[in-house]
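Asker: With the sequence up front, the predicted model follows.
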Amino acid sequence: MSGIVSSGHKIGQVIQSDAGLVADVRSMIEQIREGIARTVNAEMTLLYWRIGKRIQTEVLGSQRAEYGKEIVHALSAQLTREFGRGFGRRNLFNMIRFADVFPDPQIVHALSAQPKADDDTAVVWISLTTEAKESKRKGGGA
């Protein structure tokens, strides 16, 4: 038993003395974590677009717009109970707006694959979204 403790102590000394090993392993862990975060963000972006598109097409696309809004409210309540607050009414309507502004799934896929957004990217995205929405409202297409 004492051999295990003493060899563990020696291993600890070796790792402490080899800062390069620790730095390399730390870098590997951080890279994987960042990759996982990017993948999750991309998948969530696509999910939100698909939810918005589905609601837009099957519920709000009909001629029963007011009834469609009631369905969105009911859907929101159900999803919030099951999955939490990320699926509240406002978020569902934002998903619908997202699908409306970017009707092409290829564009959404390309946008979701971009590296982590910073504040400048967010400003550009908001500007493009606003311009596209205004253009569509004026009849200029998306």
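Answerer: Nice, I can see it. Numbers count the residues shown, from 1 in each chain.

Asker: If we go by neighbour counts, what in the helix or strand containing residue 43 is buried?
Answerer: Residue 43 is part of helix 19-55, with elements assigned from DSSP states H and E. Within helix 19-55, the residues scored as buried using 16 or more other C-beta atoms under 10 Å are 42, 45-46, 48-49, 51-53, 55. (C-beta placed from N, C-alpha, C; glycine too.)

Asker: quick one, helices of this structure?
Answerer: 2-17, 19-55, 65-83, 89-101, 105-112, 119-137 (DSSP state H).

Asker: What is the shortest one packed up against?
Answerer: Spelled out, that is helix 105-112. Applying 3 or more C-beta pairs under 8 Å, 6 or more residues apart in numbering; DSSP states H and E, we find helix 105-112 packed against helix 19-55.

Asker: Between helix 105-112 and the helix it packs on, find me the angle.
Answerer: Taking axes from the mean of the first three to the mean of the last three C-alpha atoms, to 10 degrees, one finds that helix 19-55 is oriented at 150 degrees with respect to helix 105-112.

Asker: by contact count, what packs against helix 19-55?
Answerer: By 3+ C-beta pairs under 8 Å, 6+ apart, helix 19-55 packs against helix 89-101, helix 105-112.

Asker: out of the ones you listed, which comes closest to residue 28?
Answerer: Nearest to residue 28, of all the helices and strands packed on helix 19-55, is helix 105-112, at 24.9 Å by C-beta to C-beta.

Asker: Pick out the shakiest of the helices and strands packed on helix 19-55, pLDDT-wise.
Answerer: Among those, helix 105-112 carries the lowest mean pLDDT, at a mean of 84.

Asker: Against residue 32, how distant is the residue lying closest to residue 109 once chain neighbours are set aside?
Answerer: Once flanking residues are discounted, residue 109 sits nearest to residue 46: 6.7 Å by C-beta to C-beta, 6 or more residues apart in numbering. With distances taken as C-beta to C-beta, to the nearest Å, residue 46 is found 21 Å from residue 32.

Asker: got it, and residue 48?
Answerer: From residue 48 across to residue 32, the span is 24 Å (C-beta to C-beta).

Asker: Please apply the same query to residue 100.
Answerer: 36 Å.

Asker: Pick the most buried one from the helices and strands packed on helix 19-55.
Answerer: helix 89-101 (a mean of 17; mean count of other C-beta atoms under 10 Å).
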